[in-house]
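> Below is the sequence, then the predicted model.
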Amino acid sequence: MKRTLIERLNKGPVICAEGFLFEIEKRGYMSAGEFVPMVALENPDALENLHKDYQHAGSDIVLAFTYNGHREKMREMDKEDLLEPLNRAALQIAKKVANNPIGNEKNLMAGNISHSNIWEKDNKESHFQAEKMFTEMVEWAVEEGADLIMGETFFYAEEAYKALEVIKKSGLPSVINLAPMAENFMQDGISIVETCIELEQRGADVIGMNCFRGPATMMPYLKKIRKEIDCHMSALPLPFRTTHENPTYFSLPDNNGCTCHAPSGKTFPTALDPMYCNRYEIRTFFEEAYQIGINFLGVCCGATPMHQREAAEAAGLTVPASKYRESKMRGTIANNPMYEN
Ligand SMILES: [Zn+2]
């Protein structure tokens, strides 16, 4: 038995772990900055292991790691000939893990498309090219047995609409996540909330936000969106302490102000470690998200399995990794006077 995405969301929380880019990089199988998901071809075991770790942490959806594995990026990296093999390999690995659940019910496998990097406002040719990129990736996902398609990190409203249009043609459930830049507006001048209202009218099944923002700068928008739309919503923040001054991780001061390793604007932020949310901050975010009626939950770039477990437990779930959550100290360490108040 395998319920559909909507059946599951109607029943309660559904966990979709993300953050493959950062976690695979941290595990030593990907270059920061380049961020081409070659791991599906070069080290498939490493990718499968991360999927399994997320599954253990409670992920109900196995999201194929094809983020950035689109034609524009592959062309830029001189790897266009590997575009289709890479996509199919990532989808097959995700499908394999989804079909081998820890519990009785199979997981759902999700295909993945994201902002194209080429979309420009009022540039019809760029829209046409982006549509082609979305279409080929969605077709491969359908052929490899995806149960839903997630379109994500859109910062142009019109690009999100186009992605939705392509996904809807496939007949699979659609999840559309926005990732507005620091202006707190979509780049084509449409407000975040208006974009979500329009996406709902155009028939998106799940609408929300992912990536770019941590709990503090995502939650205010989720609350506004929740008041305006009736369909299911998604929330997949970064586990970083973004602030009113620096609403996205792109603008967070790296390494507590030290710019020696990753000067802003020159390389990708790779020294965000001091800005990590702890598990309790993550828990607070997801408790609130679930409470306001958001059922599609997960943590994006920077997440470890611990964060995913916390998201699941915040929504009231007990997952395989719950067995190993922190407990009261026992034995010799607890008896050490060092730990006395
Ligand atoms: Zn992300």
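Now that the structure is in, tell me what you want to look at.
> Using CSV, write down the CA coordinates of the lowest-mean-pLDDT helix or strand in the chain.
None of the helices or strands of the chain scores lower by mean pLDDT, DSSP states H and E than helix 71-76, at a mean of 92. As requested, the backbone C-alpha atoms of helix 71-76 are provided in CSV (Å, rounded to 0.1, in the frame of the first residue of the first chain):
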residue,chain,number,x,y,z
ARG,A,71,21.0,22.1,-18.7
GLU,A,72,22.2,25.6,-18.0
LYS,A,73,24.4,24.6,-15.1
MET,A,74,25.7,21.5,-16.9
ARG,A,75,26.6,23.5,-20.0
GLU,A,76,28.3,26.1,-17.8
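> contacting residues around the next helix or strand after it?
Scanning forward in sequence from helix 71-76 by DSSP states H and E, the next helix or strand is helix 83-98. Residues outside helix 83-98 that contact it (Cβ atoms under 8 Å, 6 or more residues apart in numbering) are 37-38, 40-41, 44, 47-48, 51-52, 55, 61-66, 69-71, 74, 79, 106-111, 136-137, 140-141, 144-147. For every residue, glycine as well, the C-beta is placed using N, CA and C.
> Angles on the backbone of residue 176, please.
According to degrees, to the nearest 10, the main-chain angles of residue 176 amount to phi -120, psi 120.
> about what we covered before: filter the contacts of helix 83-98 down to the ones in helices?
Among those, the members found in helices (DSSP state H) are 40-41, 44, 47-48, 51-52, 55, 71, 74, 136-137, 140-141.
> ok, back up a step: give me the contacts around the least confident helix or strand of the chain.
36, 80, 82-83, 86, 116-118, 129, 132-133, 136.
> tally of neighbours for residue 149?
Residues within reach of residue 149, counting by other Cβ atoms under 10 Å, total 27.
> Look at it and report its pLDDT.
What the model reports as pLDDT for residue 149 is 98.
> Around the ion, pick out the residues from the stretch 151-300 of the chain.
Within the stretch 151-300 of the chain, the residues that sit near the ion (Cβ under 5 Å from the ion) are 211, 300.
> Low-confidence regions, the stretch 151-300 of the chain specifically.
254-267 (pLDDT under 70).
> Please enumerate the strands of it.
Here the stretch 151-300 of the chain has its strands, by DSSP state E, counting those that start in this stretch, at 174-178, 206-210, 232-236, 296-297.
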